[in-house]
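**Q** After the sequence you'll find the predicted model.
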Amino acid sequence: LERIVHARDELFLLQRSLMPQLQVMLDINSGASAFVSEYAHPYFKAQENRLRGLMDDVNVYKEMTQAALELYRSSITHKTNETIRVLTVISIPLMVLTFLTGLYGMNVPLPFSGFHHVFCVMLGVSLVVFMGMLLWFRRREWF
């Protein structure tokens, strides 16, 4: 990223330095200067053409660096989306388990609280729900 931004900034500076030079060449070739003879006129025209070519090259390279920068930012956004998706896959099953443990952790009489094996059944139900959600996420190819 630093190299791309540095190259883009260098191209902006190069363009800023070439623009006045091109303007001077345009003024010289328009005949506004009395100090340039007709003999030297073709040489200044060639320099103007070279400067125009350089400006075109700078514009092409600026577009290329801008496209590389956008590609880099797009890849970073894609990686961030992948990370968020993995965190979502992990948090949703744990949220269901948190709800179930919070529900049966209250100090109020709940259904089936009088049976001796309710804890084992709730633990089994929680594991089945957790594994079911993981399988569902795996089938949808979320991880």
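**A** All right, it came through fine.
**Q** Now for the residue nearest to residue 33 when sequence neighbours are not counted, how many residues are close by?
**A** Distance criterion Cβ to Cβ, 6 or more residues apart in numbering; nearest residue to residue 33, sequence neighbours excluded, is residue 27 at 6.7 Å. The C-beta positions use only the backbone N, C-alpha and C, and glycine is treated the same way. For residue 27, the number of neighbouring residues by other Cβ atoms under 10 Å comes to 12.
**Q** Residue 27 sits in which helix or strand?
**A** For residue 27, the host element (DSSP states H and E) is helix 2-29.
**Q** Can you check what pLDDT the model gives the residue in the chain sticking out farthest from the centre?
**A** Within the chain, the residue lying farthest from the chain centre (Cα atoms, centre = their mean) is residue 114, at 56.2 Å. Residue 114 carries a pLDDT value of 74.
**Q** again, but for residue 143
**A** On pLDDT, residue 143 comes in at 66.
**Q** picking that back up, show me what contacts the residue farthest from the centre of the chain?
**A** By Cβ atoms under 8 Å, 6 or more residues apart in numbering, no residues touch residue 114.
**Q** Got the phi and psi for it?
**A** Main-chain dihedrals, residue 114, degrees, to the nearest 10: phi -80, psi -10.
**Q** can you offset everything so residue one is 31?
**A** Fine by me, first position is 31 from now on; the one you just mentioned is residue 144.
**Q** tell me which element the residue sitting nearest the centre point of the chain is part of?
**A** With distances taken as Cα atoms, centre = their mean, the chain has residue 103 as the residue nearest its mean C-alpha position (2.2 Å). Of the helices and strands defined by DSSP H and E, residue 103 is found in helix 71-134.
**Q** Starting from that helix, tell me the next helix or strand along the chain.
**A** Next element after helix 71-134 (DSSP H and E): helix 148-169.
**Q** For that next one, which residues meet the burial criterion?
**A** Under the neighbour-count criterion of 16 or more other Cβ atoms under 10 Å, helix 148-169 has 156, 163, 164, 167 buried.
**Q** Take the residues you listed and write them to a markdown table, including pLDDT.
**A** Output for the buried residues of helix 148-169, formatted as a markdown table (pLDDT from 0 to 100):
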| residue | pLDDT |
| --- | --- |
| 156 | 80 |
| 163 | 83 |
| 164 | 82 |
| 167 | 80 |
